[in-house]
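1. build me a structure from this.
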Amino acid sequence: MNASRLWTERIEDYLEYRRDAGFNVVGDSYRLRQFGRFADQQMPPQSHLVVELAVAWAHSTKRDQHFTWARRLELLRGFARYWQRFDPLTEVPPGRLLGRAYRRLTPHIFSQQELSMLMAAAAGLQPRDGLRPATCKTMIGLLAASGLRPIEAARLTRNDVDLDQGLLFVQEAKGHRSRLIPLHPSTTEALRTYAQQRDRLVRQPRSDRFFLLDKGKPAGVPTLQCALETLCRRLGWLPRGDYAHHRCYDFRHSFVANSLLRSDRHGIDADHAILALSTYLGHASVAHTYWYCTAVPELMAIVGERFHQYAQGEST
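-> Residues are numbered from 1 along each chain as shown. Take a look at the predicted model:
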């Protein structure tokens with residue numbers, strides 16, 4: 001491969017390589033392309049990727065935060081390892097050169113009362129005579145009741161929702177693992193009511209997705225995130241946690257927290273509860289479910305000793 005190509009072209013090669021390997025590059029592509037443009041402005045095409053250039057780009061963001069700089073540099077490490085195969089003079093930035101790239105941020109845990117208020121407030125979304133209010137209300141309810149990842153809910157097709165059996169089929173979820181999700185009868189009935197309203201308002205859908213907007217277009221996560229922020233502002237809520245806004249992913253964290261707290265109140269063994277949740281959530285390892293619990297102080301006393309025992313077992 002010609003090492004004198006533009007940096008933007010090298011980045012596109014890397015993104016194509018990642019796509020072909022089965023990785024989702026949507027989240028990384030924007031920042032990597034930013035680096036490509038930055039490098040083309042700063043360096044001649046025949047130049048090599050050096051640590052000095054990588055650090056300069058990491059610091060070029062307007063966000064004056066060490067975690068932001070570290071995350072940007074960590075992103076470049078993957079590209080540098082790839083490009084080193086074509087240019088041996090490429091320098092891979094050392095790990096944690098700018099500090100830790102990731103930290104555990106505390107999510108907002110919605111109470112049952114807050115969830116009820118959110119769903120009631122969704123009826124006031126615009127257009128009131130359209131499908132958007134019902135779509136947002138039902139998606140919020142499903143996320144809170146099932147713990148689905150927001151993208152999993154948005155990608156559900158009509159065939160994935162079995163209202164007769166009360167089951168969801170989540171296809172090619174995170175890590176390409178599909179799974180069946182049993183639903184509570186009340187959740188199934190809410191989905192049935194929504195489907196009837198959807199089919200009444202949208203006679204010619206443009207998608208086979210279960211959740212639609214007016215004119216038959218699929219409802220994506222950005223649509224729900226925008227609605228969630230609007231509703232929380234109207235209700236005068238501030239997020240409890242480390243994020244600037246309430247997030248759709250907070251419903252998944254809330255599901256875990258509320259499920260484990262409910263299990264503890266009923267005297268259900270924490271190990272059994274977490275193992276069941278791990279399978280239900282589609283986690284590759286039960287350790288990921290324990291990791292969720294670290295964000296909720298109320299859960300730490302419940303799972304702290306259990307996680308310690310689990311970690312000891314993993315190391316033996």
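2. can you list contacts of the strand or helix carrying His272?
-> Assessed by DSSP states H and E, His272 sits inside helix 270-281. Outside helix 270-281, the residues that touch it by C-beta atoms under 8 Å, 6 or more residues apart in numbering are 147, 179, 181, 252, 256, 259-260, 263-264, 285-286, 288-290, 293, 302-303, 306. Bear in mind the C-beta positions are built from the backbone N, C-alpha and C, glycine included.
3. so for it, what's the average pLDDT?
-> Across helix 270-281, the average pLDDT comes to 81.
4. can you pull the buried residues of that helix?
-> Ala270, Ala273, Ile274, Leu277, Ser278, Tyr280, Leu281 (16 or more other C-beta atoms under 10 Å).
5. let's see that helix as CSV, backbone CA atoms only.
-> The C-alpha trace of helix 270-281 is given here as CSV (Å, rounded to 0.1, in the frame of the first residue of the first chain):
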residue,chain,number,x,y,z
ALA,A,270,-28.3,-12.8,44.6
ASP,A,271,-26.2,-15.3,42.7
HIS,A,272,-29.3,-16.8,41.1
ALA,A,273,-30.8,-13.4,40.4
ILE,A,274,-27.7,-12.1,38.7
LEU,A,275,-27.2,-15.3,36.6
ALA,A,276,-30.8,-15.1,35.4
LEU,A,277,-30.4,-11.4,34.6
SER,A,278,-27.1,-12.0,32.7
THR,A,279,-28.9,-14.5,30.4
TYR,A,280,-31.9,-12.3,30.0
LEU,A,281,-29.8,-9.2,29.2
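6. between the buried residues of helix 270-281, which is nearest Leu238?
-> Leu238 lies nearest to Leu281 out of those, by C-beta to C-beta, at 27.3 Å.
7. picking up where we left off before, list only buried entries from the contacts of helix 270-281.
-> 147, 181, 252, 256, 259-260, 263-264, 286, 289-290, 293, 302-303, 306.
8. can you give me the helices for the stretch 51-200 of the chain?
-> 51-58, 66-83, 112-121, 132-146, 150-154, 185-201 (DSSP state H, counting those that start in this stretch).
9. the third one vs helix 132-146, what angle?
-> It stands for helix 112-121. 160 degrees (axes from the mean of the first three to the mean of the last three C-alpha atoms, to 10 degrees).
10. what helices and strands are in contact with helix 112-121?
-> Counting contacts by 3 or more C-beta pairs under 8 Å, 6 or more residues apart in numbering; DSSP states H and E, helix 112-121 packs against helix 132-146, helix 221-235.
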